[in-house]
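Undergrad: Have a look; sequence and predicted model below, questions after that.
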Amino acid sequence: MKLILLGAPGAGKGTQGIIISDKYSIPIISTGDMLRAAIREGTELGLHAKSLIDKGALVPDAVIMAMLKERLQKSDCSNGFILDGVPRTINQAEALAEITEIDKVLEIHVPDEFIIDRITNRIVCPKCGASYNAVSKRPREEGICDRCGSKLEARADDNKETLLERLSVYHKMTEPLKDFYADQGKLVVIDGTESVDDVTVKVLETLRG
Ligand code: ADP
């Protein structure tokens, strides 16, 4: 299965993505996680990306697509994959269509007013991508990832000012992908405002159907 997860920042793509990844044994590919890894490693790409990410802007399409193309060639993608955070522009979606054919696009829909609390209280695992919420979804042990035991941290771009810019970029640049994929009969929209478990039930139903 080749799946795209669409949705605003904080909609729950990463949370549901991990569940789908475990269930279907296919990797979750997050360009945001890949860029943050490059920043931590201090590569040239990381240095270039950091200034854009910190202000909530997009990294150029050509950079993203080169990174994604290389990732999709790895052997763990041979039975499918889940894309989280990519494509993010029509340009990227068109470039992706040249590389591979996507089966389904799942939008986890959450209105902006729900997002602010979710994101400003978010803490994430830099190693496995799991995310927690300091108020509503605390890890079992303070500051430690339940899944892999790594130290949790807040993302530099999870502050209110950057978030508002990310939301605006999402509406302008990424939301048009809904029509792009609806026209191909691939889009399914799920209400992401319910509990994680309730959303998971719907996600798995949609993938079975
Ligand atoms: P979010 O939680 O907002 O969905 P991500 O972790 O997916 O964020 O990405 C964080 C940042 O990395 C984005 O705001 C953007 O600057 C950059 N980025 C990630 N994926 C892409 C992409 N496909 N195209 C352009 N920029 C990207």
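TA: Good, I have the coordinates.

Undergrad: can you pull up the bridge partners for the residue nearest the centre of the chain?
TA: Within the chain, one residue has its C-alpha closest to the average C-alpha position: by C-alpha atoms, centre = their mean, that is residue 84, at 3.3 Å. Residues in a beta bridge with residue 84, per DSSP bridges, are residue 5, residue 30.

Undergrad: wait, it sits on residue 28?
TA: Yes. Taking contacts as C-beta atoms under 8 Å, residue 84 lies within contact range of residue 28: 5.7 Å. From N, CA and C alone the C-beta is placed, and that goes for glycine too.

Undergrad: who touches both of the two?
TA: 14, 17 (C-beta atoms under 8 Å, 6 or more residues apart in numbering).

Undergrad: Please list all residues in contact with the closest residue to residue 32 other than its chain neighbours.
TA: Of all residues beyond its chain neighbours, the one nearest residue 32 is residue 85 (4.6 Å), with distances taken as C-beta to C-beta, 6 or more residues apart in numbering. Residue 85 makes contact with 5, 13, 30-32 under the criterion C-beta under 8 Å, 6+ apart.

Undergrad: These into JSON lines, with extra columns for distance to the ligand and neighbour count?
TA: Listed next are the contacts of residue 85 as JSON lines, based on distance: C-beta to the nearest ligand atom, whole Å; neighbours: other C-beta atoms under 10 Å:
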{"residue": "5", "distance to the ligand": "10", "neighbour count": "24"}
{"residue": "13", "distance to the ligand": "7", "neighbour count": "26"}
{"residue": "30", "distance to the ligand": "6", "neighbour count": "20"}
{"residue": "31", "distance to the ligand": "3", "neighbour count": "22"}
{"residue": "32", "distance to the ligand": "2", "neighbour count": "21"}
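
Undergrad: now those in a markdown table, with pLDDT?
TA: Putting the contacts of residue 85 into a markdown table (pLDDT from 0 to 100) gives the following:
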| residue | pLDDT |
| --- | --- |
| 5 | 98 |
| 13 | 96 |
| 30 | 97 |
| 31 | 97 |
| 32 | 95 |
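
Undergrad: Looking at those, which one is closest to residue 80?
TA: Distance ranking of the contacts of residue 85 against residue 80, using C-beta to C-beta, places residue 5 first at 13.1 Å.

Undergrad: isn't the closest one right up against residue 87?
TA: No. When contacts are counted by C-beta under 8 Å, residue 5 is not listed as touching residue 87 (11.0 Å).

Undergrad: circling back to that earlier point, pLDDT at the residue nearest to the centre of the chain, what is it?
TA: Note on residue 84: pLDDT of 97.

Undergrad: And it, how close does it get to residue 51?
TA: Applying C-beta to C-beta, to the nearest Å, the value for residue 84 to residue 51 is 23 Å.

Undergrad: and what of residue 136?
TA: Using C-beta to C-beta, one gets 31 Å for the distance from residue 136 to residue 51.
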